[in-house]
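**Q** I would like to see how this sequence folds:
(2 chains)
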Protein chains: 2
Amino acid sequence: MERITPRTLSGFMELLPQKQAKLEKMMSVLRDTYSLYGFAPLDTPAIEDAKILLAKGGGETEKQIYRFQKGDSDLALRFDLTVPLAKYVALHYNDLAFPFRRYQISKVYRGERAQRGRFREFYQADIDIIGDGKLDVLNEAEIPAIIYQVFRGFGLTRFQIRVNNRKILNGFYAMLGLTEQSGEIMRTVDKLDKIGAEKVSKLLTENCGLTDEQAGEILRFIAISGTNSQVLSALEGYLGKNEMFDQGVTELRQVTDNLAAFGVPEANFAVDLTIARGLDYYTGTVYETTLLDHPEIGSVCSGGRYDNLAGYYTDKMLPGVGISIGLTRLFYVLDEQGLLNPQLPSAPADALVLPMTDDPAPAIALAQSLRSAGVRVQLYAEKKKFKQKMSYADKLAVPYAVLLGEDEIAEGVCSVKNMTTGEQIKLPADQAAQHILSGLAATGPIILE
Amino acid sequence: MERITPRTLSGFMELLPQKQAKLEKMMSVLRDTYSLYGFAPLDTPAIEDAKILLAKGGGETEKQIYRFQKGDSDLALRFDLTVPLAKYVALHYNDLAFPFRRYQISKVYRGERAQRGRFREFYQADIDIIGDGKLDVLNEAEIPAIIYQVFRGFGLTRFQIRVNNRKILNGFYAMLGLTEQSGEIMRTVDKLDKIGAEKVSKLLTENCGLTDEQAGEILRFIAISGTNSQVLSALEGYLGKNEMFDQGVTELRQVTDNLAAFGVPEANFAVDLTIARGLDYYTGTVYETTLLDHPEIGSVCSGGRYDNLAGYYTDKMLPGVGISIGLTRLFYVLDEQGLLNPQLPSAPADALVLPMTDDPAPAIALAQSLRSAGVRVQLYAEKKKFKQKMSYADKLAVPYAVLLGEDEIAEGVCSVKNMTTGEQIKLPADQAAQHILSGLAATGPIILE
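**A** Numbers count the residues shown, from 1 in each chain, chains lettered A, B, ... in the order given. From the prediction side, this is the model:
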């Protein structure tokens, strides 16, 4: 047989089982948390009509998209989960109840230049709340609670949800007579973290055509900082000059005022006037989330309020608010930095049942009994020496080995060996299950700080 | 803005939220059951090097595969989960512990002719156990237990796991001097269910070049039926003539002998000598699963033992056993036949919290309190009339609405309305959570019989 050297394409993440188990745990936190907030799981095709995915067009997207013919169909792989959502809501508008809350944790595809830590296939974990014509700002206030619970679920405490409102920025630029340039200004100001105030100022005057005074005003404005109430107080000083600005401040207040009721601690939340999000798409509250001890990772969960989800597909006005987590990239970076908890159980089974008799029936019955109590059991079926069996248990990092020989059968027990401590005790099957399950209870955080 | 009419490609399943919830429940049964048997979740890229996916080649596969260029890469979408598994095991051989047990529930792609009920993107839910050089037959005996638990988990009792062993068939054909033609004979005999004995006999003589006597022998052999022990007794009559045949009977006995220990009732299991599975790939035990009241659906879970998983990629001999469920097709057929339980809760939330005061803070705090007790809560944030709020709750099919007005706040309670019975009671938040959770407990089967 002619052999082909196996390989996985570069830019495509393929994990070994123990790492995969950790990613699955993160996904499980995401699914559980999103569900707890009443989001419906959604699953759209990975392939869509290319014309539909590219309705908005745009340079980078068109270059990166995987697009191909099959028969006479012009097809493409989705490059995000927002465009398929827009299509879905427009297409199924009459069958959906609004507000429509959905989550989707799916792979998306971008043929980016191959580069360490850049992925061509990666998971996004998105939630969106879509209204029909209107959507109350209270939905925007709920988003930080969801972000908070997700990252707490990952085991983290040292993170910060940074929030701003595009109406404040747009209103402020309007006060300065810079409405035309507002998009460009925001994209420039967005670079503040990366390039610093001086360079931003230079870009604002040289590229956006602002006067030194205007650039100075903007930099002073976005430099407003302090506690949430300090920032909000400072914003009051600008009230009454521009309606959109005032509206933005009111919305920002509604978001911050309800944080306590939503159980989000002040320490995990900050009003940050430098947050703009590059996309023109956002029209109200915008979110970024940073790991306080790892600012170099950048935002790990971003999103915002938009006014018109599906304008390319329908004349219905569908405002919404949503956030997205770039799960594959986040996982990759956490792993690179050694922040995935090595203590986290990641074996495919809680217990490895080792038959020590010729007749496998008693060991089978034991395995089934443990499983029916909820223990994840692998029945070790190979005829190997005891030492090899134990070495397999070690390699799997299975927390418990359960031995069943003639002695145990005669006594009506099994020997349960804790693979970490080496402790071994004899117990009847039902007690063995409880012993194992209680030993598994404390798993610790998924991500370390 | 120029509008594009939204559509989803034909042959691609895209479900409304309530149906999606049912599919998710089936996936959850699969994940939980596979995990209980110690299978590790695996996730491989949807895109692979086309040369790797097509290593085996073959007509239908090459025609149906989605293959495309990106830059100078020759890429393709996976058409099953077995080829990516073979690549994975060959590539990561040194990092895996054998036997390696993995499950994968992922989408695969086949550009089939568009046809009602045929999908171009569909989920397969696979498990495989891969050995390094050897793999004990006890693994083959465990597979029916897993199939049994999956279909019981779906809520079914009227299904049958049908099992045969390719060594018995190959050995029997060898007795007749028909080793050369055995592949062709099996593919012909596989059609028995569909075309009947007479036509199979005709094909055997006309296409496979058998004598009438040989065809008769084969038809008599595969007509052996009865209880498992009757079939096994009948097979004893052929023992001692061919080593492979004898080996097959021994293996079949090992599978059937352990059924009771594995907790698989006789009613859900049958030795069936007509089962051959078309693929040459299988070398030992083979499985099919049928819904007894819906034979027209065909096999809903099939697989078998193979001796060499990854011969195209490695010189390591990697025997294994696996099964696959074509989840998308199964779901489609069940839905078409009205067999998905309409009573199954499929709302995205267990409770819809309706704030009835201007200040949303008390309702937010209530929603968070219910969530922390494990109730999936949607906080209804829109300012609508009461009637519209209740009509939204109805449309979502949410089981409970929770109302919080000034009166309730003053009393320290909330009003919990059962949306099915209309019953409404006032309870403090913690008791409300328990009331809702216990009301949800009985969900019934996913699939009806």
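
**Q** Between the two ends of stretch A:85-104, what distance do you get?
**A** 9 Å (Cα to Cα, to the nearest Å).

**Q** and what of stretch A:32-42?
**A** 14 Å.

**Q** now swap in stretch A:235-247 and tell me
**A** Stretch A:235-247 end-to-end distance (Cα to Cα) = 12 Å.

**Q** And the strands in the stretch 101-250 of chain A?
**A** Ranges of strands in the stretch 101-250 of chain A, per DSSP state E, counting those that start in this stretch, are A:121-130, A:159-165.

**Q** per-domain residue ranges of chain A.
**A** A:12-130+A:325-340, A:140-307, A:351-440 (automatic domain parsing).

**Q** so where's the stretch 151-300 of chain A uncertain?
**A** A:278-279 (pLDDT under 70).

**Q** residues from it in reach of chain B?
**A** A:257-258, A:260-263 (Cβ under 8 Å from any Cβ of the partner chain). Quick note: C-beta positions are derived from backbone N, CA and C, even for glycine.

**Q** how many neighbours does the residue nearest to A:Leu239 when sequence neighbours are not counted have?
**A** In this structure, A:Leu239 finds its nearest non-sequential neighbour in A:Asp246, 5.5 Å apart by Cβ to Cβ, 6 or more residues apart in numbering or on different chains. Using other Cβ atoms under 10 Å in any protein chain shown, A:Asp246 has 17 other residues around it.

**Q** got it, and A:Asp358?
**A** Quick note: A:Asp358 (other Cβ under 10 Å) scores 7 neighbours.

**Q** what does A:Ala86 give?
**A** 25.

**Q** Against chain B, how distant is it?
**A** 8 Å (Cβ to the nearest Cβ, to the nearest Å).

**Q** What helix or strand is that residue located in?
**A** Using DSSP states H and E, A:Ala86 maps to helix A:82-91.

**Q** Export the domains of chain A to JSON lines and append columns for distance to A:Leu318.
**A** Below are those laid out as JSON lines (distance: least, Cβ to Cβ, whole Å):
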{"stretch": "domain A:12-130+A:325-340", "distance to A:Leu318": "5"}
{"stretch": "domain A:140-307", "distance to A:Leu318": "9"}
{"stretch": "domain A:351-440", "distance to A:Leu318": "43"}
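
**Q** Of the ones you listed, give the one that comes closest to B:Leu370.
**A** Among the domains of chain A, the nearest to B:Leu370 by Cβ to Cβ is domain A:12-130+A:325-340 (9.3 Å).

**Q** what about that closest one, average pLDDT?
**A** Domain A:12-130+A:325-340 shows a mean pLDDT of 95.

**Q** Next, count neighbours for the residue lying closest to A:Gln434 once chain neighbours are set aside.
**A** The spatially closest residue to A:Gln434, leaving aside those adjacent along the chain, is A:Ala373, at 7.3 Å (Cβ to Cβ, 6+ apart). Using other Cβ under 10 Å, A:Ala373 has 15 other residues around it.

**Q** I'd like to know the phi and psi angles of A:Ala373, please.
**A** When read as degrees, to the nearest 10, the backbone of A:Ala373 gives phi -90, psi 0.

**Q** distance of it from B:Arg31?
**A** Note on A:Ala373: its distance to B:Arg31, by Cβ to Cβ, to the nearest Å, is 18 Å.

**Q** at contact distance from chain B, anything in stretch A:48-63?
**A** Yes - interface with chain B: stretch A:48-63 contributes A:48-49, A:51-52, A:55 (Cβ under 8 Å from any Cβ).

**Q** Pull out the buried residues from these.
**A** Among these, those scoring as buried are A:48-49, A:52, A:55 (criterion: 16 or more other Cβ atoms under 10 Å in any protein chain shown).

**Q** A:Asp95 touches B:Leu16, doesn't it?
**A** Yes - counting by Cβ atoms under 8 Å, A:Asp95 touches B:Leu16, with 5.4 Å between them.

**Q** neighbour-wise, which of the two wins?
**A** B:Leu16 (14 against 10).

**Q** residues contacting the more buried one?
**A** A:92, A:95-96 (Cβ atoms under 8 Å, 6 or more residues apart in numbering or on different chains).

**Q** Do I have it right that A:Phe331 meets A:Glu24?
**A** No - here A:Phe331 lies out of contact with A:Glu24, judged by Cβ under 8 Å, at a distance of 10.6 Å.

**Q** which of these two has more neighbours?
**A** The residue with more neighbours, out of A:Phe331 and A:Glu24, is A:Phe331; 22 against 18, by other Cβ under 10 Å.

**Q** which residue sits closest to that one, ignoring its sequence neighbours?
**A** A:Leu23 (5.4 Å).

**Q** contacting residues around the one you found?
**A** Counting by Cβ under 8 Å, 6+ apart, A:Leu23 has contacts A:15, A:327, A:331, B:43.

**Q** what's the closest of the residues you listed to A:Tyr88?
**A** A:Leu327 (20.5 Å).

**Q** Determine how far stretch A:170-177 lies from the middle of the whole chain.
**A** 34 Å (Cα atoms, centre = their mean, to the nearest Å).

**Q** From A:Thr82, how far off is A:Glu60?
**A** Counting by Cβ to Cβ - A:Glu60 and A:Thr82 are separated by 15 Å.

**Q** Those two: who's more crowded?
**A** Using other Cβ under 10 Å as the criterion, A:Glu60 and A:Thr82 rank with A:Thr82 on top: 23 against 10.

**Q** and the angle from the longest helix that chain A contains to helix B:17-36?
**A** Secondary structure of chain A per DSSP state H: the longest helix is helix A:17-36. Counting by axes from the mean of the first three to the mean of the last three Cα atoms, to 10 degrees, helix A:17-36 lies at 150 degrees to helix B:17-36.

**Q** and A:Phe135, what does it touch?
**A** No, residue A:135 isn't Phe; it's Leu. Contact partners of A:Leu135, counting by Cβ under 8 Å, 6+ apart, are A:99, A:129, A:319-321, B:381-382.

**Q** coming back round to it: what about the helix holding A:Ala86, distance to the chain center?
**A** For helix A:82-91, the distance to the chain centre is 20 Å (Cα atoms, centre = their mean).

**Q** so the residue of the stretch 151-300 of chain A found nearest chain B is in which element?
**A** Closest to chain B within the stretch 151-300 of chain A is A:Ala261: 3.9 Å, counting by Cβ to the nearest Cβ. Under the criterion DSSP H and E, no helix or strand holds A:Ala261.
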